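> Structure here, sequence nowhere to be found:
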């Protein structure tokens, strides 16, 4: 597709269940980012991928959160044993690398996660 | 460390009035600065960016922002608000030498009153 896509668009789950959120970046974009946006708050950086490796995982809030990327394309963010405080919109973005510097990020529409 | 502060979580202006959304940053290295807009039920899209070229940056939809190093500011303006400008606006900063991690402000919700 032409833009970043994310699935599902909405996810309602029960506390303690595991969830997987998917991101399909723009084709050819080597960098991929995950953010969390809680209601009424700004974007919270979670993790960044350069190709298939993740040089910066500093934003992952706990060991319940993990992410992987394969084929320099699709990325999956997994949240294990979900808690109510995990409820948020999870945004994915991708960017290309030009002259050694990353260009602006292109965002997907997000996945709205609700933990009951 | 890099960070961004957006003053005013909610701003209301009348249609046709000046729009001013404030952003102040802190950065240990020369920054790259961005403004993103998020329309209702849509993803974030880039409005404009500063990457150490001209200090006055023009973006889409008539918006512009001026980088003022002495004030560590990158305020977003538009001379005349339109109803379609109602959205959430985010300021972001990244390191100029790597650009690999972005720091976003908490956002400003713009309401345009007819």
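Structure's in. What do you need? Predicted, not measured: the structure shown is a model, and the values here were computed from it. Numbering: from 1, shown residues only, chains lettered A, B, ... in the order given.
> Surely residue A:49 is in contact with residue A:29?
No - applying Cβ atoms under 8 Å, one finds residue A:49 not in contact with residue A:29, separated by 10.1 Å. In short, each C-beta sits where N, CA and C put it, glycine included.
> quick one, which of those two is more surrounded?
The residue with more neighbours, out of residue A:49 and residue A:29, is residue A:49; 24 against 19, by other Cβ atoms under 10 Å in any protein chain shown.
> Please give the element, helix or strand, for that one.
Applying DSSP states H and E as the criterion places residue A:49 in strand A:43-50.
> Spatially nearest residue to the residue nearest the centre of chain A (excluding sequence neighbours)?
The residue lying closest to the centre of chain A (Cα atoms, centre = their mean) is residue A:34, at 3.0 Å. Of all residues not flanking residue A:34 in the chain, residue A:46 sits nearest, at 4.2 Å (Cβ to Cβ, 6 or more residues apart in numbering or on different chains).
> Any residues of chain A in contact with chain B? List them.
By Cβ under 8 Å from any Cβ of the partner chain, the residues of chain A that approach chain B are A:3-4, A:31, A:33, A:35, A:40-43, A:45, A:48, A:50, A:55-56, A:91, A:93, A:101-110.
> Recalculate using a threshold of 10 Å.
Proximity of chain A to chain B, by Cβ under 10 Å from any Cβ of the partner chain, involves residues A:3-6, A:9, A:31, A:33, A:35, A:37, A:40-45, A:48-50, A:55-56, A:58-59, A:91-93, A:95, A:97-98, A:100-110.
> now those residues: which count as buried?
Those of the residues of chain A next to chain B that meet the buried threshold are A:4-6, A:31, A:33, A:35, A:37, A:42-45, A:48-50, A:56, A:59, A:91-93, A:95, A:101-110, by 16 or more other Cβ atoms under 10 Å in any protein chain shown.
> so of the residues you listed, which ones are in strands?
Mapping these onto strands (DSSP state E) picks out A:5-6, A:31, A:33, A:35, A:37, A:43-45, A:48-50, A:56, A:91-93, A:95, A:101-102, A:106-107.
> List the residues that contact residue B:105.
Shown in contact with residue B:105 (Cβ atoms under 10 Å, 6 or more residues apart in numbering or on different chains): A:42-43, B:3-7, B:9, B:21-25, B:35-36, B:89-93.
> gap between the residue nearest to the centre of chain A and residue A:116?
Going from residue A:34 to residue A:116 by Cβ to Cβ, to the nearest Å gives 23 Å.
> Residue A:45 now?
Counting by Cβ to Cβ, the gap from residue A:45 to residue A:116 is 26 Å.
> Let me know whether the helix or strand bottoming out on mean pLDDT in chain B sits next to chain A.
None of the helices or strands of chain B scores lower by mean pLDDT, DSSP states H and E than strand B:102-104, at a mean of 84. Yes - applying Cβ under 10 Å from any Cβ, one finds strand B:102-104 touching chain A at B:102-104.
> and the nearest residue to residue B:31 once chain neighbours are set aside, how many residues sit next to it?
Excluding its sequence neighbours, the residue lying closest to residue B:31 (Cβ to Cβ, 6+ apart) is residue B:93, at 4.8 Å. Using other Cβ under 10 Å, the number of residues around residue B:93 comes to 24.
> Residue B:35 now?
24.
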